[in-house]
Structures are given as C-alpha cells and as structure tokens.
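Student: sequence and predicted structure are below.
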Amino acid sequence: MKIVINSSPIIFLVRLQFLELFIETSDEFYLPQSVLTEIQAKSDEINQALVPLIANQKLIVKATNLASLFNRLNSSLGLGESETIALATELQADFVILDDLAARKAALTLGLNVKGTLAILKKLAQEGKIEMVDKNYFYQKLLSINFRISRSIFDAVFSDP
C-alpha cells in the first residue's frame, strides 16, 4: 500500500514514540517535500526522529508533480496539507494521513481515503503494538502533547467493539 502522511500526524506519533511502530510494515510511506521542509525548520526531536527513517527509506521524501492541483489547494490550505493531498492524488495512494479538518474535507472531495492520527492509534492498539489499558491516562497523554480532541470523540473512537 502507498500511504502519504502530513506533518501533524508525524509530530504526534513521534511525541508518543509510536512512529516507528506505525511504519514497521511492508507499506510505502511517503513524506511530501514541503512537509519535510516544515519539520526541518525546527531542530527538535521530531526532526531528529525522521533522519534515520529517511536514510533507511522507511519514509520516502517526494515532491508532487501536480503543480496546478497543489496551487489550487494552497489557496485555502497550508503548503504541507496541499502537497500531501496533491502527492496522494498523484501516487493514487491507498491512504492519506491528515488531521486538519479543512484538509481532510478537500482530500475527501478528491476521492482520497483519509485517515488521521486517532485511526493510526486505534490500528496500533488493535494490532497489539501498543497497550491502551487505561483509556483515561491515554486521553490525558494526548492532551499533554497538544493533541486537540474532545473526550466524547476520543471515547467514540476507542470504545470497545
């Protein structure tokens, strides 16, 4: 599968120390060039976490060739979101990982299969890669890394099947 991922899911997954768990599959993970540039603007743990993943080609950095779509999206979205959506369209990605609501709506309008950070966390929990024994603690942990989520949405996503 081809998966294109935006900056905010990467940032949250690194802060939770789950990014490597997520990309430890045979899937192809693409990081748009503008997203990498955005992350590299700060020399922090997020930037440092990406260096070995890019070097080992676990994350493939790629710029989009769909300039007209990118420019059209960029009139209402940020550079990272615009290139993430354009690259996902270009690659005919199986999934595009976005958290921003406006970006998610734009991607859905283009027929892309959109997932967010919560879907990744749920998948990791279902696969047994992470434990979510104390949901209240996990919710508080998300808030502590500045992940904005209401308790009702969190509970709806992580309610037992």
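Tutor: Happy to help now that I have it.
Student: my guess is residue 103 meets residue 86, correct?
Tutor: No: taking Cβ atoms under 8 Å as the contact criterion, residue 103 and residue 86 are not neighbours in contact, 11.3 Å apart. (Each C-beta comes from the backbone N, C-alpha and C, glycine too.)
Student: neighbour count winner among those two?
Tutor: For residue 103 and residue 86, the more surrounded residue by other Cβ atoms under 10 Å is residue 86, and the numbers stand at 26 against 23.
Student: contacts only, for the more buried one.
Tutor: For residue 86, the contacting residues are 32, 64, 66, 69-70, 73, by Cβ atoms under 8 Å, 6 or more residues apart in numbering.
Student: let me see the mean pLDDT of the longest helix seen in the chain.
Tutor: Among all segments of the chain classified by DSSP state H, the helix with the greatest residue count is helix 79-91. On average, the pLDDT along helix 79-91 is 97.
Student: list the buried residues for that helix?
Tutor: Along helix 79-91, the positions that meet the burial threshold by neighbour count (16 or more other Cβ atoms under 10 Å) are 79-91.
Student: I'd like the next helix or strand past it.
Tutor: The element immediately downstream of helix 79-91 (helix or strand, assigned by DSSP states H and E) is strand 95-97.
Student: strand partners of that following strand, parallel vs antiparallel please.
Tutor: In the sheet containing strand 95-97, the strands it pairs with under DSSP bridges are strand 2-5 (parallel), strand 114-115 (parallel).
Student: among those strands, show me which one is buried the most.
Tutor: Stretch with highest mean neighbour count among those: strand 2-5 (a mean of 24; mean count of other Cβ atoms under 10 Å).
Student: ok, now which ones touch residue 111?
Tutor: When contacts are counted by Cβ under 8 Å, 6+ apart, residue 111 touches no other residue.
Student: in what helix or strand does it lie?
Tutor: Per DSSP H and E: nothing holds residue 111, as it lies in no helix or strand.
Student: tell me where the model's unsure across the protein.
Tutor: Scanning the chain for pLDDT under 70 picks out 160-161.
Student: same thing but 80
Tutor: Low-confidence segments of the chain, defined by pLDDT under 80, are located at 43, 160-161.
Student: tell me which stretches of it form helices.
Tutor: If DSSP H is used as the criterion, the helices of the chain fall at 7-15, 19-23, 33-40, 45-55, 67-74, 79-91, 101-109, 117-126, 135-144, 151-157.
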